[in-house]
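1. Turn this into a model:
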Amino acid sequence: MPEPFPGSLGAPRSATALEREVDLLDRRIRSWTGRSWTVPVRTGVTRADLLASLARYLDELGRGAGVPVPTGAPLPRVADHALADQVVVLAGELVAAVHDGVPGGGGAGPGARETAASAGPRSRPRPPDLLTLAERGAAAVRDTRLAFER
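-> Numbering: from 1, shown residues only. From the prediction side, this is the model:
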């Protein structure tokens with residue numbers, strides 16, 4: 001999957017970028033019929049295969065952000081027509097994890113208070129992993145959407 005786009009946007013903006021990209025992708029693919037899913041993209045895979053790959057990537061990012069998933073549970077490969085819903089749900093879980101885990105991002109997050117209390121008077125808790133995960137998610141969704149437009 002693609003590398004994140006350059007620059008840190010901050011928690012709310014990273015999550016907003018991911019939500020925006022998912023919305024644009026969803027609008028693009030929501031009305032596809034059966035044959036639309038089998039059209040190959042530039043990489044040689046079908047649209048469905050590319051979107052399933054995006055779903056797996058978003059699942060990995062979500063797990064990295066702390067989205068609760070049973071240990072060892074693989075992401076199921078849903079039918080082509082359900083892939084849009086799967087991507088929307090997985091991206092939503094990632095956005096929620098970012099908001100919950102980043103100070104000022106909408107929630108206290110797991111352990112945020114403990115980290116702040118133990119960090120000392122001049123230190124602030126810094127969750128770069130969550131910001132990076134949101135940025136990577138937004139970039140991957142954007143790149144997937146652009147692959148469908150070529």
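
2. And Arg77, its phi and psi?
-> When read as degrees, to the nearest 10, the backbone of Arg77 gives phi -90, psi 110.

3. Low-confidence stretches in this structure?
-> Residue ranges of the chain with pLDDT under 70: 1-13, 102-128, 150.

4. What ranges does this structure have for its helices?
-> Assigned helices in the chain, in chain order: 11-29, 47-64, 83-101, 112-118, 128-149 (criterion: DSSP state H).

5. Could you dump those into a markdown table and include distance to Val41 and mean neighbour count?
-> Quick note: C-beta positions are derived from backbone N, CA and C, even for glycine. Listed next are these as a markdown table, based on distance: least, CB to CB, whole Å; neighbours: other CB atoms under 10 Å:
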| stretch | distance to Val41 | mean neighbour count |
| --- | --- | --- |
| helix 11-29 | 12 | 19 |
| helix 47-64 | 6 | 21 |
| helix 83-101 | 14 | 21 |
| helix 112-118 | 40 | 13 |
| helix 128-149 | 5 | 20 |
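
6. and Arg77, which of the ones you listed is closest to it?
-> Arg77 lies closest to helix 47-64 among those, at 5.9 Å (CB to CB).

7. Could you figure out how far the closest one is turned away from helix 128-149?
-> 170 degrees (axes from the mean of the first three to the mean of the last three CA atoms, to 10 degrees).

8. Against Thr16, how distant is Leu94?
-> 13 Å (CB to CB, to the nearest Å).

9. For Val39, find the nearest of the helices of the chain.
-> Per CB to CB, nearest to Val39 of the helices of the chain: helix 47-64, 5.3 Å.
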